[in-house]
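Participant: Let's see this in three dimensions:
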Amino acid sequence: MDLRAAVDELYGVPLADFVATRTRLVTATKGDDPALAAEIKALRKPTVAAWLLNRVARDEPQVIADLEELGARMRSAQSQGDMPALAQARPERRAAIDALIAAAGRCAESSGATFGPSTQDEVDATAVAALADEQSGRALASGSLLRPLSYAGFGEVELDDAVATPLRLVPPLPDDETDEPAESDDGSDGDGDSDESEQARQAERARQQELQEAREELREAERELGAARSAESRARAALVAARDRVNTGEARVADVTRVIAKLETRPEA
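Facilitator: Sure, this is the predicted structure:
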């Protein structure tokens, strides 16, 4: 197993199984390749929106391929100043964004995941970023997003900490342009760090990744709590309104019953 295979497996499992799967992969590689085990241990759990998009990349890749193709056409038209082509692509743009949202919704429904308004907005923002920025499209298609993407309207999309293995998004350099490892001043090959120091750095990176993951889970839980509280508030308001209707109905029934009783006891003329 290499890191790419581990990423493909880890980011394809149900979100609830992420931690258990990561632990299993770390255990499986620890004896033969401690460095790979440390890399796998540092892989972060994706947000709900990112996980759904990763599912789309696996289950309905054509939706993302269509989005990437449209993005390439729109960026080309923009670079050439072809305003008619851009205007003509606007309906396609909205349709492509809606298609990604719909695909994410299908993945949520099939997996039992929550797909509320905030998650839908994050999928929408990711689609916009993929249309505007080529690297964002490749990040989306990778199936290993950690968080949704966002485009500010200019420049490139910030992809730091957005993908499990961001360096794999960059195409490799030609053989004659590949960077050679720099030699240190003392003529060594630059690998002078002790095993203990490297292990300490890996442990610290893993700790920082776990801390970041826990913070992201907290933010996700807080968003879900807010949505649940809003739903509870709406439900309580609906319950109050329903009780008012019940009380009004009961009062009306009582009034009509009294009228009927009076009519029934009235002596015949």
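Participant: which phi and psi does Val163 have?
Facilitator: Dihedral pair for Val163: phi -130, psi 150, per degrees, to the nearest 10.
Participant: do Val13 as well
Facilitator: phi -80, psi 160.
Participant: got it, and Ala164?
Facilitator: Torsion angles, degrees, to the nearest 10, at Ala164: phi -60, psi -40.
Participant: quick one: it and Arg44 touch, right?
Facilitator: Yes - taking CB atoms under 8 Å as the definition, Ala164 is a contact partner of Arg44 at 7.3 Å. For glycine as for every other residue, the C-beta is placed from the backbone atoms N, C-alpha and C.
Participant: Could you tell me which residues touch both of these two?
Facilitator: By CB atoms under 8 Å, 6 or more residues apart in numbering, Ala164 and Arg44 have these common neighbours: Leu146.
Participant: neighbour count winner among those two?
Facilitator: Taking other CB atoms under 10 Å, Ala164 and Arg44 do not tie; Ala164 has more neighbours (26 against 19).
Participant: Leaving out the residues flanking it, which one is nearest to the more buried one?
Facilitator: Ser144 (3.9 Å; CB to CB, 6 or more residues apart in numbering).
Participant: Am I right that Ala113 is in a strand?
Facilitator: No - judged by DSSP: H, G, I helix; E, B strand; the rest coil, Ala113 forms no part of a strand; its state is coil.
Participant: I'd guessed it sits against Leu52; true?
Facilitator: Yes - contact criterion CB under 8 Å: Ala113 and Leu52 qualify, at 6.4 Å.
Participant: Tell me which of the two has more neighbours.
Facilitator: Per other CB under 10 Å, whichever of Ala113 and Leu52 has more neighbours is Leu52, with 31 against 19.
Participant: Flag the shaky bits of the protein, pLDDT-wise.
Facilitator: Applying pLDDT under 70 to the chain flags the ranges 155, 166-196, 198-231, 233, 267-269.
Participant: In space, not sequence, find me the middle residue of it.
Facilitator: Ala50 (1.6 Å; CA atoms, centre = their mean).
Participant: What number of residues are in the vicinity of the residue nearest to that one when sequence neighbours are not counted?
Facilitator: Of all residues not flanking Ala50 in the chain, Leu145 sits nearest, at 4.0 Å (CB to CB, 6+ apart). Leu145 has 26 neighbours, counted by other CB under 10 Å.
Participant: Surely Leu145 touches Thr165?
Facilitator: No - in this structure, Leu145 is not within contact of Thr165 by CB under 8 Å, at 11.2 Å.
Participant: quick one: Leu131 from Ala125, how far?
Facilitator: 11 Å (CB to CB, to the nearest Å).
Participant: rewinding a little: ok, now which ones touch the residue nearest to Ala50?
Facilitator: Contacts of Leu145 (CB under 8 Å, 6+ apart): Tyr11, Pro46, Ala50, Leu53, Asn54, Thr126, Ala139, Ala162, Val163, Ala164.
Participant: cool, and Val56?
Facilitator: Counting by CB under 8 Å, 6+ apart, Val56 has contacts Val63, Ile64, Leu100, Ala103, Ala104, Cys107.
Participant: Many thanks, have a good one.
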